[in-house]
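Enquirer: sequence and predicted structure, then a few things I'm wondering about:
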Amino acid sequence: MLSLTAILVGLAAAFSWFALRRAIGRPLDEALEHFDAIAAGDLRGKVVPTSRDEMGLS
């Protein structure tokens, strides 16, 4: 029974890590792409808001 619990906890931890990585990582990657373009002197990039507040929540 302990082994089953350990497996379920491990799966829950893996899913949580994946979900957080996706929720936090994707917006950061997009922001870094914009920052790299700005640093290279390209100010033509368009920032498209995908949420209605500063935290990215809809």
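Expert: On my side now, so go ahead.
Enquirer: which of the helices or strands spans F35?
Expert: According to DSSP states H and E, F35 maps onto helix 2-39.
Enquirer: any idea how far that helix is from the middle of the chain?
Expert: 6 Å (Cα atoms, centre = their mean, to the nearest Å).
Enquirer: so which bits of that helix are buried?
Expert: Residues of helix 2-39 classed as buried by neighbour count (16 or more other Cβ atoms under 10 Å): none. Any C-beta I mention is one placed from the backbone N, CA and C, and that applies to glycine too.
Enquirer: so which elements touch that helix?
Expert: Here helix 2-39 touches no other helix or strand, going by 3 or more Cβ pairs under 8 Å, 6 or more residues apart in numbering; DSSP states H and E.
Enquirer: pLDDT of it, averaged?
Expert: Helix 2-39 shows a mean pLDDT of 92.
Enquirer: and stretch 33-41, C-alpha only, in PDB?
Expert: Taking Å, rounded to 0.1, in the frame of the first residue of the first chain, the C-alpha atoms of stretch 33-41 are listed here in PDB:
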ATOM      1  CA  GLU A  33      12.100  37.000 -26.900                       C
ATOM      2  CA  HIS A  34      10.800  40.500 -26.800                       C
ATOM      3  CA  PHE A  35      13.600  41.700 -24.600                       C
ATOM      4  CA  ASP A  36      16.200  40.100 -26.900                       C
ATOM      5  CA  ALA A  37      14.700  41.900 -29.900                       C
ATOM      6  CA  ILE A  38      14.600  45.200 -28.100                       C
ATOM      7  CA  ALA A  39      18.300  44.700 -27.000                       C
ATOM      8  CA  ALA A  40      19.100  44.100 -30.700                       C
ATOM      9  CA  GLY A  41      17.500  47.400 -31.600                       C
END
